[in-house]
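Enquirer: coordinates only, sequence not included:
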């Protein structure tokens, strides 16, 4: 999400980071999802406090649902935006309301992508790992999650089981293909590693309060 439609912690962090990057001399474009459904997917463009924003509105409603987190039509539009903007780097802050194949699309098109995991969406269809009013530390699997994932009355156990496996496999691929995986705390680093099977050595801690004034570093030719 992104203002003015959403104003949560991830959104405000992204605003602050975008502004810091602009001050450091970078050109910044924001791609955001939306809860506003359309008859067909479309991208609306506007400026927010000096930042160029591309808001992608998906077809239909309830696009926050975990079982709608794979949207091939969104991936097609995202690839088109990559071709148009030709970014030097893509920074993924979340997949919700978009599609869970953003890093994969960047990798396939030759654009480096990094991820900041602000929450536990990559290993929990509920996003926040709350199970019966307690914090869940189980690894994402059919055995662990089938009786917990949000579902509708018309969804059978076999369909849900297949969706859980696809959700798990897609996000493990996203994290594996990311050039960097960033988290805000050491505890989050340990949790992401333990629940996704990812090596903790590949995860970098950057505290949310350290955006500040970024210093531009020129990349060496031999780097």
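Expert: On my side now, so go ahead. Bear in mind the structure is a predicted one, so any value in this text is a computation, not a measurement. Numbering: from 1, shown residues only.
Enquirer: what's the closest non-adjacent residue to residue 56?
Expert: Among residues not flanking residue 56 along the chain, residue 43 sits closest, at 5.2 Å (Cβ to Cβ, 6 or more residues apart in numbering). To be clear about C-beta, it is placed using only N, CA and C from the backbone, and glycine gets the same treatment.
Enquirer: my read is the one you found is in a strand, agree?
Expert: Yes. Residue 43 sits within a strand when classified using DSSP: H, G, I helix; E, B strand; the rest coil.
Enquirer: got a list of what it touches?
Expert: If a contact means Cβ atoms under 8 Å, 6 or more residues apart in numbering, then residue 43 has 54-57, 77, 81 as its contacts.
Enquirer: Please tell me how far the residue nearest the centre of the chain sits from residue 201.
Expert: In the chain, the residue lying closest to the centroid (Cα atoms, centre = their mean) is residue 94, at 2.1 Å. Distance, residue 94 to residue 201, by Cβ to Cβ, to the nearest Å: 24 Å.
Enquirer: on that earlier part again, so is the residue nearest to the centre of the chain in a helix, a strand, or just coil?
Expert: Applying three-state DSSP: residue 94 is coil.
Enquirer: Tell me where this protein has strands.
Expert: In the chain, strands defined by DSSP state E lie at 29-33, 42-48, 51-57, 90-92, 113-116, 130-131, 134-135, 180-183, 203-205, listed in chain order.
Enquirer: For the third one, name the packing helices and strands.
Expert: With contacts defined as 3 or more Cβ pairs under 8 Å, 6 or more residues apart in numbering; DSSP states H and E, the secondary structure elements packing on strand 51-57 are helix 9-23, strand 29-33, strand 42-48, helix 72-85.
Enquirer: Now with 6 Å, please.
Expert: strand 29-33, strand 42-48 (3 or more Cβ pairs under 6 Å, 6 or more residues apart in numbering; DSSP states H and E).
Enquirer: Just checking: what are the partner strands of it?
Expert: strand 29-33 (parallel), strand 42-48 (antiparallel) (DSSP bridges).
Enquirer: Near residue 134, how many other residues are there?
Expert: Look at residue 134: counted by other Cβ atoms under 10 Å, it has 8 neighbours.
Enquirer: Give the buried residues for stretch 2-11.
Expert: By neighbour count on 16 or more other Cβ atoms under 10 Å, the buried set for stretch 2-11 is 2-3, 10-11.
Enquirer: no, scratch that, I was asking about stretch 58-73
Expert: 58, 63, 66-71.
Enquirer: Show me how far it is from its chain's centre.
Expert: How far stretch 58-73 lies from its chain's middle: 14 Å, per Cα atoms, centre = their mean, to the nearest Å.
Enquirer: Which other helices and strands does the longest helix that the chain contains contact?
Expert: Using DSSP state H, we find that the single longest helix of the chain is helix 157-177. Packing partners of helix 157-177 (3+ Cβ pairs under 6 Å, 6+ apart): helix 102-109, helix 142-145.
Enquirer: Fine by me, we can end here.
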